[in-house]
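> Okay, structure incoming, though there's no sequence with it:
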């Protein structure tokens, strides 16, 4: 469930997402809505193909969301927090 897709696959997905010019995604509610709609379309693709929608489908959705959460934290949030800790000092220095 890695987000690191091939360059060929990225071109297709990125062309679809190019309509999101940043203005649309300026608030967390809109981001949440977009993610929810992607999930609905993912489930609908199973329904449309006649495949059974069961726990494994729901579990894969949760796995993708969790994986993306962890990767976002590792690649974006953690470096930001490290920079802020260097700028302002460690708040956990007594116990770490």
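That came through, no problem. This is a predicted model, so every value here is computed, not measured.

> how near is the most centrally placed residue in the chain to residue 50?
Central residue of the chain (Cα atoms, centre = their mean): residue 68, 4.2 Å from the mean position. From residue 68 over to residue 50 the distance is 28 Å, taken as Cβ to Cβ, to the nearest Å. Yep, even glycine has a C-beta here, placed from its N, CA and C like the rest.

> who's in contact with the residue nearest to the centre of the chain?
Taking Cβ atoms under 8 Å, 6 or more residues apart in numbering as the criterion, residue 68 is in contact with residue 3.

> That one is in what secondary structure piece?
helix 55-72 (DSSP states H and E).

> ok, now residue 20?
Using DSSP H and E, residue 20 sits in no helix or strand.

> now the closest residue in space to it that isn't next to it in sequence: how far from residue 46?
Sequence neighbours aside, residue 34 is the residue nearest to residue 20 in space, at 7.6 Å (criterion: Cβ to Cβ, 6 or more residues apart in numbering). Relative to residue 46, residue 34 is positioned 20 Å away (Cβ to Cβ).

> The top helix by length along the chain - contacts with which helices or strands?
Of all segments of type helix in the chain, defined using DSSP state H, the longest is helix 28-48. Contacts defined by 3 or more Cβ pairs under 8 Å, 6 or more residues apart in numbering; DSSP states H and E place helix 28-48 against helix 55-72.

> got the buried residues for the helix it packs on?
Buried residues in helix 55-72, counted by 16 or more other Cβ atoms under 10 Å: residue 64.

> next one: the next helix or strand after it to chain centre, how far?
Next along the chain after helix 55-72, taking DSSP H and E as the criterion, comes helix 78-88. Put simply, helix 78-88 sits 22 Å off its chain's centre (Cα atoms, centre = their mean, to the nearest Å).
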